[in-house]
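>>> Sequence first, predicted coordinates after that:
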Amino acid sequence: MIRSLRGLLLVETILASTAVLVVSGAVLYYLVRSALVTQLDRSLLDLAISASAGVEQAPGRMLLELEDLALREFASGKRAYMQLWKHGGAELYRSPSLEGSELHRFGGTRDAPAYRWMTLPGGRRGRAIGFTYTPLEEDDEEKELLASRTGLQRNRLANQVDIALARDTSEIDATLARVGLSLGGMGLSAMTISAAFLFWIIRKNLEPLRALASRIARLDREDLSARIEVPGAPLEIQPLAECMNEFLRRLEAAFLRETSLSSDVAHELRTPLAGMRAILDVALSRGREPAEYAEALGECHDIVLQMQSMVEKLLLLVRVEAGHALIEPRPVRLSEEILSTWKMLEAQAGARKLRVEWDLDPGVEVLVDPALLGVVLQNVLENAVSYTDDGGTLKVEIASKGHEGRLKVRNTGSSLSRDEVRHAFERFWRGDRAHSDACVHCGVGLVLVKKIVEALGGSVEARSEAGGWFEIEMGLPRSVAAATRELTGAPR
Amino acid sequence: MRILVVEDYAPLRKALAQGLREASFVVDTAGDGEEGLWYATTHEYDAVVLDLMLPRLDGWTVLERIRKAERDVFVLILTAKDGLGDRVTGINSGADDYLVKPFAFEELLARIRALVRRKYAVRSPVIRVADLEIDTAARKVRRGGRLLELTAREYSLLEMLALRQGRLVTRTEIWEHLYDCEAETKSNVIDVYVGYIRRKIDRDGLPRLIHTRRGEGYILEAPS
């Protein structure tokens, strides 16, 4: 079983061209042969006609005048043979060349003589012509002439003669054998030459494919930045290389994402761990007052809470991304959820003297999983509180719009450009990074918000506006009951 | 010895500063790259502890600019990344040492002390001036085999003079190495401290090791 493309192409093109050569050789051979046979038949006919003219009939008998012809053509040892019979009766003549053996009588008329292959005396192959005709009467020519002049119907004798005349075909056979041999030889050498050419051509044209394959084989497992280039590759190969490169690009991007994710996770976890260890190492390095220990423990406690929160967010993120989060939607009043989440942040906002403006439509009811909504609201509000400048403003707005309940959280103090806002939902991306110490875990928060909101069937966007306003707007599916009540005008 | 700590994570920064101060280092701290660079290029430090992932200006850039400014300072990189590639890049970029977070505070201390010894071309942790022995690892001082009790500030001053033994050390230099940026200048405080350690070291008629160059500074050296 040949498995290489080159081998298959070579074998199949050679087979196909052999078939073409064999068929055309056969056709050529047949044409030559039939030309030769036609020529032979014509010479047989010519000879038979001239021989037939050597027979005349007179009432009651046949006159043979074949001496000259016989001497010339049918002498003993010549390769032409003739035998004449009275039609259906006795032999009239047998050529000396037959040397006692016989030809066969067979049918046909002078206008449509019969030809057949036969074995000649001495076992050679030959071709014979045979027909039955009516010899002219003696002095027929004169009568013929007279008849044509007078228009009188002449009296005709109707005795017929069968003639069989054969010739040796060894010349034709030899010629045909030569033709066959030359055709075969030519075919064989043509095959050999074309096979060599084909081998070279296929090899040359498949080279880019081989180059591509070896380029792919050389791709380093570690180095995904490599790209495949096959200079001068034919049109059919280019898309292959392009597909492969596109694939490599995607693979590299995914790999980089994963690498940066793990290094980001490492950073996010190691940094607080390093802080905690340093605090503990320093605290334990000497004897201290209880107040100093209490301070160190308090700091460690804060760090542990931060880490716990981040680990939980990361786990939830992984679960939501993998579609493993348990989602049990039920109708939830958005304003109530927001206010209960806000209670946890109120002190922090108060300490930083933030001005908070509320515009909450109490009727907005959304159909979401309450626990996940809680995570979303906590992250969005926490993010807003930590990023608002001291004494800045924070606005929270909810309204219903179509099939959605919409929540807008806006805060001042953002220095993000429109371009930078696009990164807001990327993992571990933190605004201007200056806040990183204030908010170790917020690099995960907004990504988590986006993933959860999408899992809840909603959508979320971030915007940056003039005046340092940063806005997060999300749409959540409204509960059917609320929407129906509104449509029918029933009281809420 | 004066150390600069550039670290954006406040709890770690605070703990490092406290630990280093308790180990008698003079410590300045910076919470972002720009501030860190400003401190490193405008003050004299024996070592800089530099985090890599910093807001405003990352650690690599800070390191590069410190090197460009040709400050004679040893830099120890702190990082949360542990790839071999990062270590090699770190050392190749001109970092003198490298520590992966989280680390034992003792190790940081030992590495900083080693950097300081390297800076002053001292191999052994024990510095000798005549019969005066200063064990920088144990922070113990002996004269003629007798253990001397020094306060942290006194020890730091003595260690600083010992690392520069045989060289004139100006008051400004001493000030730069013994006081952080928040200290207020008290013109005679250095002289007072030198007086304290002189009283402890050069007493009982032993040959004087600390010499005053009036109006210039001090030299710690063996009597010729």
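Arrived safely.

>>> Which residue ranges of the stretch 251-400 of chain A form strands?
Here the stretch 251-400 of chain A has its strands, by DSSP state E, counting those that start in this stretch, at A:330-333, A:355-360, A:365-368, A:393-401.

>>> between the ones you listed, which one is nearest to chain B?
Minimum separation from chain B across the strands of the stretch 251-400 of chain A (Cβ to the nearest Cβ) falls at strand A:393-401, 22.8 Å. Any C-beta I mention is one placed from the backbone N, CA and C, and that applies to glycine too.

>>> Can I get that closest one as PDB, trimmed to CA atoms?
Taking C-alpha atoms only, strand A:393-401 is exported to PDB below (Å, rounded to 0.1, in the frame of the first residue of the first chain):
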ATOM      1  CA  THR A 393     -20.100  61.400  44.000                       C
ATOM      2  CA  LEU A 394     -21.700  58.000  43.500                       C
ATOM      3  CA  LYS A 395     -25.000  57.600  41.600                       C
ATOM      4  CA  VAL A 396     -27.100  54.500  41.600                       C
ATOM      5  CA  GLU A 397     -30.100  54.300  39.300                       C
ATOM      6  CA  ILE A 398     -32.500  51.600  38.400                       C
ATOM      7  CA  ALA A 399     -35.300  51.600  35.900                       C
ATOM      8  CA  SER A 400     -37.200  49.200  33.700                       C
ATOM      9  CA  LYS A 401     -36.800  49.300  30.000                       C
END
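
>>> Following element in sequence after that strand, please.
strand A:404-411 (DSSP states H and E).

>>> The helix or strand following that next one packs against which elements?
Next along the chain after strand A:404-411, taking DSSP H and E as the criterion, comes helix A:418-421. Of the remaining helices and strands, those touching helix A:418-421 by 3 or more Cβ pairs under 8 Å, 6 or more residues apart in numbering or on different chains; DSSP states H and E are strand A:459-465.

>>> List of residues touching the strand it packs on?
Around strand A:459-465, the neighbours that count as contacts under Cβ atoms under 8 Å, 6 or more residues apart in numbering or on different chains are A:414, A:416-418, A:420-421, A:424-425, A:446, A:449-450, A:453-454, A:470-475.

>>> one more time with 6 Å
Residues from elsewhere that reach strand A:459-465 (Cβ atoms under 6 Å, 6 or more residues apart in numbering or on different chains): A:414, A:416, A:418, A:421, A:424, A:450, A:453, A:470-475.

>>> And those residues, which of them are buried?
Buried members of the contacts of strand A:459-465, counted by 16 or more other Cβ atoms under 10 Å in any protein chain shown: A:Ser414, A:Leu416, A:Val421, A:Ala424, A:Lys450, A:Val453, A:Phe470, A:Glu471, A:Ile472, A:Met474, A:Gly475.

>>> Name the residues of chain B found near chain A, please.
Residues of chain B lying near chain A by Cβ under 6 Å from any Cβ of the partner chain: B:8-12, B:15-16, B:18-19, B:55, B:80-81, B:101-102, B:105.

>>> Farthest-apart pair in those residues, please.
B:Gln18 and B:Lys81 (25.4 Å; Cβ to Cβ).

>>> Which residues are in contact with B:Leu115?
Counting by Cβ under 6 Å, 6+ apart, B:Leu115 has contacts B:Ala47, B:Phe74, B:Asp96.

>>> switch to 8 Å and redo it
B:Asp46, B:Ala47, B:Phe74, B:Leu76, B:Asp96, B:Asp97.

>>> Give me the three-state assignment for the fourth one.
Spelled out, it's B:Leu76. strand (DSSP: H, G, I helix; E, B strand; the rest coil).

>>> hmm, back to that, ranking by neighbours, what's the top pick from the contacts of B:Leu115?
With neighbours taken as other Cβ atoms under 10 Å in any protein chain shown, the top of those is B:Ala47, carrying 26 neighbours.

>>> what's the single longest helix in chain B?
helix B:105-119 (DSSP state H).
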